[in-house]
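J.: Next input, structure requested:
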Amino acid sequence: MMASMRVLPMLRLFAVLWFSGMVAAVAAGQVPSSSSSSSDTPAQDQKSSSSRPHVAGVETTGSAITLESNEPLFDLAVALNACGYDTDLANSDPVRAEVRADIAAAAAESALVRQSEAKLCRYIEDHQLNDRGRELAQYISLALYVGPAPDLAPTADETDMPPDALQVYTILPLLRDFAAKVALHAIWLKHHAEYEAITGKVHDPVTQIILRTNLYLKVPLSSYDGRRLIILVEPMLAPNAPNARIYSADYVVVTSPTAAGAIKLDEIRHLYLHFQIEPLVYARAQSMLRLTPLLKPVEDAPLDYVYKTDVVALVTECMIKAIEARTMYVGFPPPVKPPAGTTVRSELVRYDEQLGTYRREAEDVRRKQMNLDMRQGWVLTEYFFDQFSTFEHQPESLDESMGPMVYGMDVQRVKHTAEQTQFLPQGTTEFAVRTPRVLTGVMLAEKKMLEGDLPGAEEIAEKALDDPAQDHGDAMYVKARVTLMEGDPKDSQSEFEAVLKLSHSPHTLAWAHIYLGRLYDIKDPPQREQALGEYRAALDVPAVPADAQAAAQKGLKVAFEVPKVVHTEETDEPLDPTGKKEKEAYKPDPPPQ
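T.: All right, here's what the predicted structure looks like:
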């Protein structure tokens, strides 16, 4: 039974009223795992997410955002409480103490309950970790892939479950036995009304913070596209330690209210920023490879490994840090504006002076936070902090501004700033933890192509072209490159021309023009004027990425030539009949270092 399932209807109404006439063009993306490379394309993973297991026990209502509670999570949280989990107990909602009393009473009355509880607690003790936060997190991860009582059965194969959940996977038989003997489902039903009241109490604050975030980003509320933001309220856990997870298409935050009914809204907002921003960032993942030099300065930063190896993950988190610094509460309120119709000049002048002072002091506070973020290793925060200062005064949405923000970055200048930053001994641990996943879709085709598996890459591209839900522009781009590498420039030309009709990606469009320019350059006889037109068209693509810009400018200066293979008697190198070296010439130039 699901308690307190809400879809935040106020959000839907607001989206219609405020953003009527706007196109909800937010890319339906999926983020890669911490171990993924920066070339992962979440949009493709998202398209295949329907075949992946979703978080269990959460109703799919067609809403992008839900606020609810979850019985398997309750069951595991109760088990932890019964076995000595007392963190922040004094500050918890009263229902936590009530449930603990119910469990204690059942144990006092039954030796079977005590025996079952002892086995459960022995298991939990044997699986303790030095990091208590990680210890709790593994049980939360498991709970989100477990079905309802009485079966409490896993809802996914072990290969599809989060790695940390697998560390405590074998607790389930003990949990089932304990739940049956203590009548845990009946206890859940007994406190159902209290859970409803708690969830209802936090509904409005959650709604307001999401609305304010949408206003700042100038984006409409995401409609249901297969991705979900799921906010789970569980009073049996400590209020001071909310936990967030990103599972395939599900962004999940588990939070607990204090005795006063408050929850940590900043953490919910942080995950919502991931939910909104990641599709926009990862849709441009390929073009962000030019930012790879920025990983060098963070080698010694106090960051998790993923942010030292995946520049797209680093960009995403630094962008979120910058937004949080720019919108943080600075510790003092702005001045109160005089009532409408006030004509007393002295009051208006005083207000303007107070407002100016407030803005300067607030900016100082926000910059101190930004500088702290930089010293903790988030070395792009200052750049995005300044970018969002400009963004706040422009009408464009984040989706429209993302390209110029990223492509307009002076990489060497930002790298120099990062190199001058003195890192603190310790940084911050990312709040939202990801589950691993593998490459799928067009990005898997890209990988196969670069590894030399051209038939495998072509097969995936063909399947994507047959699927109405896939990005046909990117699929055709892969197919055109495979055709070219197979030595068929005529067919590849028609396929690159098709890319121009199908794609909306600046990276894909620009490089399609560049490939066409090169194909015109190597015709017999060369068609230089047509080639120049294609190179110019590449430069005219809005938000043209830097690598494509450099290649197009080079094409304008010098006609492209396929490198010749010179075979002499002096060399031991045999003639390559596959033409691999010639094929290499068609690959994009590497990003500038």
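J.: Could you find the closest non-adjacent residue to N243?
T.: V254 (4.7 Å; CB to CB, 6 or more residues apart in numbering). For every residue, glycine as well, the C-beta is placed using N, CA and C.
J.: what's the distance between A262 and A457?
T.: From A262 across to A457, the span is 52 Å (CB to CB, to the nearest Å).
J.: who has more neighbours, the two?
T.: A457 (24 against 13; other CB atoms under 10 Å).
J.: where does the more buried one land on pLDDT?
T.: A457 carries a pLDDT value of 86.
J.: cool, G533 as well?
T.: 95.
J.: ok so it is a helix residue?
T.: Yes: assignment of G533 by DSSP: H, G, I helix; E, B strand; the rest coil places it within a helix.
J.: That one: neighbour count?
T.: The burial count for G533: 15, using other CB under 10 Å.
J.: now it, nearest residue through space, not along the chain?
T.: G517 (7.8 Å).
J.: Kindly provide the distance from the one you found to L556.
T.: On the measure of CB to CB, G517 and L556 end up 9 Å apart.
J.: any weak-confidence spans in the stretch 201-350 of the chain?
T.: 221-226, 248, 285-287 (pLDDT under 70).
J.: which stretches of it form helices?
T.: Ranges of helices in the stretch 201-350 of the chain, per DSSP state H, counting those that start in this stretch, are 265-282, 305-309, 311-327, 345-375.
J.: Quick one, which of these gets closest to G473.
T.: helix 265-282 (16.1 Å; CB to CB).
J.: Could you check how far that closest one is from the centre of its chain?
T.: The chain centroid and the centroid of helix 265-282 are separated by 7 Å under CA atoms, centre = their mean, to the nearest Å.
J.: Ok, stretch 416-428 next?
T.: With CA atoms, centre = their mean as the basis, the mean position of stretch 416-428 lies at 24 Å from the chain mean.
J.: buried stuff in it?
T.: Along stretch 416-428, these residues count as buried under the neighbour rule (16 or more other CB atoms under 10 Å): 417-418, 421, 423, 427-428.
J.: any chance of those residues in CSV, plus secondary structure, pLDDT and distance to D204?
T.: Shown next, in CSV, are the buried residues of stretch 416-428 (DSSP: H, G, I helix; E, B strand; the rest coil; pLDDT from 0 to 100; distance: CB to CB, whole Å):
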residue, secondary structure, pLDDT, distance to D204
T417, helix, 94, 41
A418, helix, 94, 41
T421, coil, 94, 40
F423, coil, 94, 40
G427, coil, 71, 34
T428, coil, 69, 29
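J.: hang on, the earlier thing: ok, now which ones touch the residue nearest to N243?
T.: 73, 140, 232, 234, 237, 242-245 (CB atoms under 8 Å, 6 or more residues apart in numbering).
J.: quick one: E71 and R122, what's the gap?
T.: E71 is 24 Å from R122, by CB to CB.
J.: I268 now?
T.: Relative to R122, and taking CB to CB, I268 is found at 35 Å.
J.: Tell me which of the two has more neighbours.
T.: I268 (23 against 12).
J.: next helix or strand past the helix or strand hosting P173?
T.: Per DSSP states H and E: P173 is located in helix 172-182. Remark: after helix 172-182, the chain's next helix or strand is helix 184-190, criterion DSSP H and E.
J.: Pull out the buried positions in that next one.
T.: Those would be 184-185, 187-188, for helix 184-190 by 16+ other CB under 10 Å.
J.: try stretch 322-335
T.: Here stretch 322-335 shows 322-326 as buried, counting by 16+ other CB under 10 Å.
J.: Give me the most central residue, the chain.
T.: E278 (3.9 Å; CA atoms, centre = their mean).
J.: That one and L398, how far apart?
T.: 12 Å.
J.: Now do the helices in the stretch 351-500 of the chain.
T.: Taking DSSP H, counting those that start in this stretch, the helices of the stretch 351-500 of the chain run over residues 381-391, 398-407, 411-419, 441-450, 454-466, 472-485, 489-502.
J.: for the last one, what is the average pLDDT?
T.: Looking at helix 489-502 alone, the average pLDDT works out to 92.
J.: What is that helix packed up against?
T.: Of the remaining helices and strands, those touching helix 489-502 by 3 or more CB pairs under 8 Å, 6 or more residues apart in numbering; DSSP states H and E are helix 472-485, helix 506-521.
J.: what's the closest of these to D410?
T.: Comparing the helices and strands packed on helix 489-502 by CB to CB, helix 506-521 comes nearest, at 18.3 Å.
J.: Could you tell me the angle between that closest one and helix 489-502?
T.: 150 degrees (axes from the mean of the first three to the mean of the last three CA atoms, to 10 degrees).
J.: what helices or strands is helix 506-521 leaning on?
T.: Using 3+ CB pairs under 8 Å, 6+ apart, helix 506-521 sits against helix 472-485, helix 489-502, helix 528-540, helix 546-557.
J.: Pick the most deeply packed of the ones you listed.
T.: helix 472-485 (a mean of 24; mean count of other CB atoms under 10 Å).
J.: elements contacting that helix?
T.: helix 441-450, helix 454-466, helix 489-502, helix 506-521.
J.: and L289, which of those helices is closest to it?
T.: Per CB to CB, nearest to L289 of the helices and strands packed on helix 472-485: helix 506-521, 9.8 Å.
J.: Where does pLDDT dip in the stretch 351-500 of the chain?
T.: In the stretch 351-500 of the chain, residues with pLDDT under 70: 428-443, 447, 450.
J.: Kindly recompute the last result at 80.
T.: 427-451, 469-471 (pLDDT under 80).
J.: Would you mind measuring the gap between the ends of stretch 522-535?
T.: Using CA to CA, to the nearest Å, one end of stretch 522-535 lies 14 Å from the other.
J.: mind checking how far that stretch is from the chain centre?
T.: 41 Å.
J.: what do you get for stretch 300-313?
T.: 15 Å.
J.: pull the CA atoms of that stretch into PDB?
T.: The C-alpha trace of stretch 300-313 is given here as PDB (Å, rounded to 0.1, in the frame of the first residue of the first chain):
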ATOM      1  CA  ASP A 300      45.300  16.900  -6.600                       C
ATOM      2  CA  ALA A 301      41.900  18.400  -5.700                       C
ATOM      3  CA  PRO A 302      39.800  16.800  -2.800                       C
ATOM      4  CA  LEU A 303      37.200  15.500  -5.300                       C
ATOM      5  CA  ASP A 304      35.700  12.100  -5.900                       C
ATOM      6  CA  TYR A 305      37.500  10.100  -8.700                       C
ATOM      7  CA  VAL A 306      34.700  10.700 -11.300                       C
ATOM      8  CA  TYR A 307      35.200  14.400 -11.300                       C
ATOM      9  CA  LYS A 308      38.900  14.000 -12.000                       C
ATOM     10  CA  THR A 309      38.300  11.800 -15.000                       C
ATOM     11  CA  ASP A 310      35.000  12.900 -16.500                       C
ATOM     12  CA  VAL A 311      35.000  16.500 -17.600                       C
ATOM     13  CA  VAL A 312      31.200  16.400 -18.300                       C
ATOM     14  CA  ALA A 313      30.500  15.400 -14.700                       C
END
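J.: picking up where we left off before, and the residue nearest to G533, how many neighbours does it have?
T.: The local packing of G517 (other CB under 10 Å) involves 27 other residues.
J.: Next: D177.
T.: Counted with other CB under 10 Å, D177 comes out at 17.
J.: Please look at it and E117 and confirm they touch.
T.: No: under the criterion of CB atoms under 8 Å, D177 makes no contact with E117, lying 9.8 Å away.
J.: among the helices of the stretch 201-350 of the chain, which is nearest D488?
T.: helix 265-282 (31.8 Å).
J.: Run the angle between that closest one and helix 398-407 for me.
T.: 70 degrees.
J.: about what we covered before: could you single out the most deeply buried of the helices of the stretch 201-350 of the chain?
T.: With a mean of 24, the top stretch among the helices of the stretch 201-350 of the chain by mean neighbour count (mean count of other CB under 10 Å) is helix 311-327.
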